[in-house]
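Peer 1: When you get a sec, could you give me coordinates for this:
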Amino acid sequence: MLQVSQLVRYPVNHRINQTLEMSTLINEFIDILNSEVHIDLDKLRESSRHGVPMEIRGDVWKYLLGVNPADRSQELTSVKNKSEEYNAIEKEYIEINKRVRGEVSRYQKIKNLDDTNGYKQIFENVIGAYLNHNRDVDYHPSLVHLCAPFVYCMKNEYEVYYCFTRLMSTLDEYNSVHKINERVANFMTLLRAVIPDLCNYFEEEEVDINEWASSWLQNLFAKELQFENLLRLWDTYFSIDDPIEFHPYVCLAVLKNTRENLEDLEQSEIRTSLLNLPLMDMEQIINQAFNIHHEILEKQISDSL
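Peer 2: Numbering: from 1, shown residues only. The predicted structure follows:
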């Protein structure tokens, strides 16, 4: 029989082990980032696919997104130039400031995020600079959601701006070629093939797939996922070559893992749940998404023979 002292010691030792594991993981990333000549991006991507500790996530993302050059000899010049360029961009955008502040407040409340470091002002400045620099783009609340991970992970405002604009450029380029109606239709085909029972249940409950799937597909879960889940997912996205092509399979994995709960709900409850997803084991979701992707590719190859 376990003694009382043993019962007390176990969770303490468990926490110590977790702390040591996290410290080891952080040190592994720091070793990569502290390379004097060249950042090994392949090694950084491989490590990041399995998650990046919050303490260094911003530093890692800058390299994964190509905001910081892998060549360390160019880094100081690049950082200086980007800082100066950002400072020169007009950030005041009176027409949208109030809307940004309102959306940030709602977002922080829903995601249980604080504003102790003046995050609202960073949101306003970065989104204002982005819209002033891209006059053909109209403000949409999704800009706040897509910007948020960078606001909370980056140390400097100009880094937030360049990481955010790099993501927006990638999304805009993809969305300009692959129209959302076509993407939703393709996703519906995948959903019917992978989870037919859930698809039938949505049809029975008259759940409008366009209402939630459009947001899921266009914004990489920026609005719907719990914040810590979103950060973990984006660790993987920024470390692979085709995150937007891979994203629908993550959507399928999310539906697989929430299926039982969804099938106990009615139409309005399903909608609410799909637009504000519960906390999940994102490591499991990502692994399952890779498996689904692999299975579908194998089936397509088999069908074509």
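Peer 1: And the protein, what are its domain boundaries?
Peer 2: Split into domains by the TED database, the chain comes to 20-71, 94-168, 178-304.
Peer 1: Out of the ones you listed, which gets nearest to residue 82?
Peer 2: domain 94-168 (5.7 Å; Cβ to Cβ). Where C-beta positions appear, they are placed from N, C-alpha and C, glycine not excepted.
Peer 1: For my notes, confirm residue 57 occurs in a helix.
Peer 2: Yes: the assignment for residue 57 by DSSP: H, G, I helix; E, B strand; the rest coil puts it in a helix.
Peer 1: Got the confidence number for the nearest residue to it once chain neighbours are set aside?
Peer 2: Take residue 57 and drop its neighbours on the chain: the residue closest to it by Cβ to Cβ, 6 or more residues apart in numbering is residue 153, 4.8 Å away. We have a pLDDT of 96 for residue 153.
Peer 1: who's in contact with residue 153?
Peer 2: 54, 57, 58, 61, 231 (Cβ atoms under 8 Å, 6 or more residues apart in numbering).
Peer 1: Which one (most neighbours) among those residues?
Peer 2: residue 61 (26 neighbours; other Cβ atoms under 10 Å).
Peer 1: how near is it to residue 173?
Peer 2: Distance of residue 61 to residue 173, computed by Cβ to Cβ, to the nearest Å: 19 Å.
Peer 1: Name the SS class of residue 143, please.
Peer 2: Here residue 143 is helix, with the state taken from three-state DSSP.
Peer 1: in what helix or strand does the closest residue in space to it that isn't next to it in sequence lie?
Peer 2: Once flanking residues are discounted, residue 143 sits nearest to residue 127: 5.3 Å by Cβ to Cβ, 6+ apart. Secondary structure from DSSP states H and E places residue 127 in helix 119-133.
Peer 1: List the buried residues in that helix.
Peer 2: By 16 or more other Cβ atoms under 10 Å, the buried positions in helix 119-133 come out as 119, 120, 122, 123, 124, 125, 126, 127, 128, 129, 130, 131.
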